[in-house]
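Novice: just a sequence and a predicted model for now, questions to come.
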Amino acid sequence: MKIATFNVNSLRKRLPIVLDWLAQQRPDVLCLQETKVQDSEFPLLALADSGYEITYRGMKSYNGVAILSREKPEAAAYGFDDGGESEDSRLLRVVIKGIPIVNTYVPQGFEIDSPKYQYKLSWYDRLRKYFENHVSPNKPAIWCGDMNVAPRPMDVHSPEKHLKHVCYHEDVRRAYENTLAWGFQDVFVKLYPDRQQYTFWDYRAPGSLEANKGWRIDHILATASLAEHCLRVEVDVEPRRAKDPSDHTFLWAEFSV
């Protein structure tokens, strides 16, 4: 099974990139974040010939998640169900071949001293409880998406300059690790613990891609019983070099299941 994740940063703008990548790479599942399109305007017709089943939930102008899968999901659920803000357009869970796949677009957080950052930290607390209620750490499961966290110093360029950044601050890294500790493993780190590889290069920093000044904030995680079957994990940088690209690129992992 080949699983991929991509923060598309507006699906309608990046449709050619997505369609080309699907045709070339043929993943079993592609999780998209930041689709930026409300459900009534989702480009179903444009994706109709891709051969994929499409599960989605979106909002106008921002947020939005979707999962494209070769097989029709056995089940699908949107957002949190803990009585708080549901966040339907940031959290999508499907079951494919009996395996739960959770696709998240975690809030960015804005600034350390803002309420949005505290909301981001609480989002991770809610997510761990969500896993406790809906997924088993003793069975195969996948969690992937744009986590808006660079977990280690090697996962961001010039880490000493980003100690107070909302995607690298010690509090958010701790919150992320606490959520992982529920029972997920980072399959990229598992296979390539010493490899530095980014998935995001900021538009606002001209030449960031050429200088490789990036962040690894997109992740694919698996429970132990599935992580041990992970054969390969790669970041495809070429779509970031395409015409009118997203500031993220595709991350994919292959499992022998």
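Specialist: That came in fine, so what should we check first? Residues are numbered from 1 along each chain as shown.

Novice: now the helices for the stretch 1-150 of the chain?
Specialist: For the stretch 1-150 of the chain, helices defined by DSSP state H, counting those that start in this stretch occupy the ranges 11-25, 44-47, 115-134.

Novice: alpha carbons of the first one, as PDB, please.
Specialist: Meaning helix 11-25. Output of helix 11-25 as PDB, limited to C-alpha atoms (Å, rounded to 0.1, in the frame of the first residue of the first chain):
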ATOM      1  CA  LEU A  11      -6.700  22.400  -4.800                       C
ATOM      2  CA  ARG A  12      -8.300  24.300  -7.800                       C
ATOM      3  CA  LYS A  13      -5.000  26.200  -8.300                       C
ATOM      4  CA  ARG A  14      -2.900  23.000  -8.100                       C
ATOM      5  CA  LEU A  15      -5.100  20.600 -10.000                       C
ATOM      6  CA  PRO A  16      -2.600  20.000 -12.800                       C
ATOM      7  CA  ILE A  17       0.100  19.200 -10.200                       C
ATOM      8  CA  VAL A  18      -2.100  16.800  -8.400                       C
ATOM      9  CA  LEU A  19      -3.400  15.100 -11.500                       C
ATOM     10  CA  ASP A  20       0.100  14.700 -13.000                       C
ATOM     11  CA  TRP A  21       1.400  13.300  -9.700                       C
ATOM     12  CA  LEU A  22      -1.400  10.800  -9.400                       C
ATOM     13  CA  ALA A  23      -0.900   9.600 -13.000                       C
ATOM     14  CA  GLN A  24       2.900   9.200 -12.500                       C
ATOM     15  CA  GLN A  25       3.000   7.800  -9.000                       C
END
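
Novice: list the helices and strands it packs on?
Specialist: If you count contacts as 3 or more C-beta pairs under 8 Å, 6 or more residues apart in numbering; DSSP states H and E, helix 11-25 packs onto strand 2-7, strand 29-33, helix 44-47, strand 250-255. For every residue, glycine as well, the C-beta is placed using N, CA and C.

Novice: dump those to CSV, plus mean pLDDT.
Specialist: Shown next, in CSV, are the helices and strands packed on helix 11-25 (pLDDT from 0 to 100):
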stretch, mean pLDDT
strand 2-7, 98
strand 29-33, 98
helix 44-47, 94
strand 250-255, 98
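
Novice: figure out which of the ones you listed is closest to A205.
Specialist: With C-beta to C-beta as the criterion, A205 lies closest to strand 2-7 of the helices and strands packed on helix 11-25, at 16.8 Å.

Novice: note down every partner strand of that closest one and its orientation.
Specialist: Take DSSP bridges as the rule and strand 2-7 pairs in its sheet with strand 29-33 (parallel), strand 250-255 (antiparallel).

Novice: if we can go back for a sec, which one, of the helices and strands packed on helix 11-25, ends up nearest to N138?
Specialist: Among the helices and strands packed on helix 11-25, the nearest to N138 by C-beta to C-beta is strand 250-255 (16.9 Å).
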